[in-house]
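Engineer: Sequence first, then the predicted structure, then my questions.
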Amino acid sequence: MSDLKESLLSLKEEFDSALSKVTDSEAAEQLRVAFLGKKGSLTQILRGMGQLSSEERPQVGKVANEVRTHMEDYLTSKITEIKDMEKSLRLRREVIDVTIPSKYEGAGSRHPLNMAINEICDIFLGLGYSIGEGPEVEYDKYNFELLRIPEGHPSRDTQDTFYITDSILLRTQTSGLQIRTMEKCKPPLKVICPGKVYRSDALDSTHSPVFHQIEGLVVDKGVTMGDLVGSLQLFAKKLFGEDTKIRLRPHHFPFTEPSVEVDLTCWSCGGKGCRVCKGEGWIEVLGAGMVHPEVLENCGIDSEEYSGFAFGIGVERTAMGRYGIDDIRLLYENDVRFLKQFK
């Protein structure tokens with residue numbers, strides 16, 4: 001019994017000596033494992049208690065508990081002291097002088113595409129339109145089928161796109177938002193839908209596989225082609241100046257009838273003919289037409305009672321004309337020298 005007591009008291013002194021040399025959390029943990037762990041020194045000594053008599057065990061157990069409590073209390077105190085010291089050191093090392101002037105990187109500005117979208121939206125908001133949104137990953141039925149473009153239709157060839165599954169794709173046009181809007185809301189409707197669209201086009205100075213459109217839709221009783229022309233004429237004058245004129249050319253879109261391509265007088269030469277408009281004096285900007293009755297019926301709208309018009313504006317082409325940009329790739333290269341011009 002006396003040997004175990006001496007071993008315990010000796011272990012206590014050894015622990016105190018070792019603890020006085022501990023200076024960091026890692027060393028404190030190693031000391032805890034060495035003395036108090038399952039295979040630690042205290043555990044090894046206590047295994048000898050099995051050889052003691054029933055009268056001796058309580059006496060040795062009392063000493064063992066005192067030694068264990070001493071080790072745990074002093075170790076806890078030491079760990080708290082170390083953590084406080086490490087925190088103090090870290091605070092001193094990571095101190096920030098808030099009085100030092102910051103490095104001014106300069107204020108950013110809106111991207112020219114966002115500027116063009118905002119300008120166009122502001123014009124139509126002033127005419128009573130609301131802004132609609134829809135998914136860029138679209139179902140085939142919204143992007144094509146309900147717009148009278150069934151599988152195998154020739155117009156799909158001009159909108160070769162990126163399919164995710166046989167029935168899900170990256171939208172090729174924001175026209176699908178016409179369907180989603182007419183499904184959710186009944187006439188009268190006046191909505192514009194700006195958004196990003198995708199087509200499998202090679203990138204060059206005038207084409208990109210990713211670009212932006214703003215779709216417009218009006219559905220009400222008595223809507224005519226004259227309402228469409230008047231709206232587009234007002235849009236052109238607001239965006240490009242009071243002298244701007246529009247020209248309509250017959251075209252075909254499956255979801256409108258009749259359909260037109262809409263040209264604006266060249267923003268560079270005012271219609272006289274120049275390099276920008278290739279001498280024609282006109283630049284194609286958007287497509288439009290009266291909403292096909294079948295499209296209205298597909299959305300549960302009585303085509304005998306209601307009519308409507310729709311148009312799709314190419315944002316990139318509009319921005320290029322609005323801000324004098326001659327290469328679409330400049331809009332996507334993130335060249336700060338180019339973007340700084342639009343502050």
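Structural biologist: Alright, I've got the coordinates.
Engineer: which strands and helices sit next to the helix or strand bottoming out on mean pLDDT in the chain?
Structural biologist: Taking mean pLDDT, DSSP states H and E as the measure, helix 41-46 is the helix or strand of the chain with the lowest mean score, a mean of 74. Taking 3 or more CB pairs under 8 Å, 6 or more residues apart in numbering; DSSP states H and E as the contact definition, the neighbouring helices and strands of helix 41-46 are helix 2-19, helix 25-36, helix 56-93. All C-beta spots, glycine's among them, are computed from the backbone N, C-alpha and C.
Engineer: Extract the C-alpha set from that helix and format it as CSV.
Structural biologist: Extracted as CSV, the C-alpha positions of helix 41-46 are listed here (Å, rounded to 0.1, in the frame of the first residue of the first chain):
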residue,chain,number,x,y,z
SER,A,41,0.7,6.9,-16.0
LEU,A,42,-2.1,7.3,-13.4
THR,A,43,-4.1,4.5,-14.9
GLN,A,44,-1.0,2.2,-14.9
ILE,A,45,-0.5,2.8,-11.2
LEU,A,46,-4.1,2.3,-10.3
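Engineer: What sits closest to Asp160 if chain neighbours are left out?
Structural biologist: Leaving aside its chain neighbours, Asp160 sits nearest to Ser200 (4.4 Å; criterion: CB to CB, 6 or more residues apart in numbering).
Engineer: For that neighbour, which three-state class applies?
Structural biologist: Using DSSP: H, G, I helix; E, B strand; the rest coil, the secondary structure recorded for Ser200 is coil.
Engineer: Helices of the protein, start to end?
Structural biologist: Under the criterion DSSP state H, helices of the chain are mapped to 2-19, 25-36, 41-46, 56-93, 112-125, 140-143, 176-184, 225-240, 293-298, 315-323, 336-339.
Engineer: other SSEs contacting the first one?
Structural biologist: Right, the one you point to is helix 2-19. Contacts of helix 2-19 with other secondary structure elements, assessed using 3+ CB pairs under 8 Å, 6+ apart, are made with helix 25-36, helix 41-46, helix 56-93.
Engineer: list the contacts for Arg110?
Structural biologist: Going by CB atoms under 8 Å, 6 or more residues apart in numbering, Arg110 touches 118, 342.
Engineer: any idea how far Glu136 is from it?
Structural biologist: Arg110 sits 21 Å away from Glu136 when distances are taken as CB to CB, to the nearest Å.
Engineer: before we move on, what about Ile149?
Structural biologist: Note on Ile149: its distance to Glu136, by CB to CB, is 18 Å.
Engineer: again with Val315
Structural biologist: Here Val315 is placed at a distance of 15 Å from Glu136 (CB to CB).
Engineer: Repeat that for Thr76.
Structural biologist: When Thr76 is compared with Glu136 (using CB to CB), they lie 58 Å apart.
Engineer: quick revisit: would you list the helices and strands packed on helix 2-19 in CSV and tack on distance to Gln341 and mean neighbour count?
Structural biologist: Written out in CSV, the entries for the helices and strands packed on helix 2-19 read as follows (distance: least, CB to CB, whole Å; neighbours: other CB atoms under 10 Å):
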stretch, distance to Gln341, mean neighbour count
helix 25-36, 56, 16
helix 41-46, 75, 16
helix 56-93, 44, 13
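Engineer: weakest of these in terms of mean pLDDT?
Structural biologist: Among the helices and strands packed on helix 2-19, helix 41-46 carries the lowest mean pLDDT, at a mean of 74.
Engineer: For it, give me every contacting residue.
Structural biologist: Identification of contacts with helix 41-46 by CB under 8 Å, 6+ apart yields 4, 7-8, 11, 14, 34-37, 64, 67-68, 71.
Engineer: these two touch, right, Val67 and Leu9?
Structural biologist: Yes - in terms of CB atoms under 8 Å, Val67 counts as a neighbour of Leu9; the distance is 7.4 Å.
Engineer: export the helices of the chain to CSV and tack on distance to Pro154?
Structural biologist: Shown next, in CSV, are the helices of the chain (distance: least, CB to CB, whole Å):
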stretch, distance to Pro154
helix 2-19, 86
helix 25-36, 73
helix 41-46, 85
helix 56-93, 69
helix 112-125, 30
helix 140-143, 16
helix 176-184, 19
helix 225-240, 25
helix 293-298, 17
helix 315-323, 24
helix 336-339, 38
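Engineer: For Phe211, which of these is the nearest?
Structural biologist: Of all those, it is helix 315-323 that lies closest to Phe211, at 5.1 Å by CB to CB.
Engineer: hmm, back to that, which one, of the helices of the chain, ends up nearest to Asp160?
Structural biologist: Relative to Asp160, the nearest member of the helices of the chain by CB to CB is helix 140-143, separated by 12.6 Å.
Engineer: Could I have the CA atoms of that closest one written out in PDB?
Structural biologist: Output in PDB follows, covering the C-alpha atoms of helix 140-143 (Å, rounded to 0.1, in the frame of the first residue of the first chain):
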ATOM      1  CA  ASP A 140     -39.800  22.200 -75.100                       C
ATOM      2  CA  LYS A 141     -43.600  22.800 -75.100                       C
ATOM      3  CA  TYR A 142     -43.200  26.400 -73.900                       C
ATOM      4  CA  ASN A 143     -40.200  27.200 -76.100                       C
END
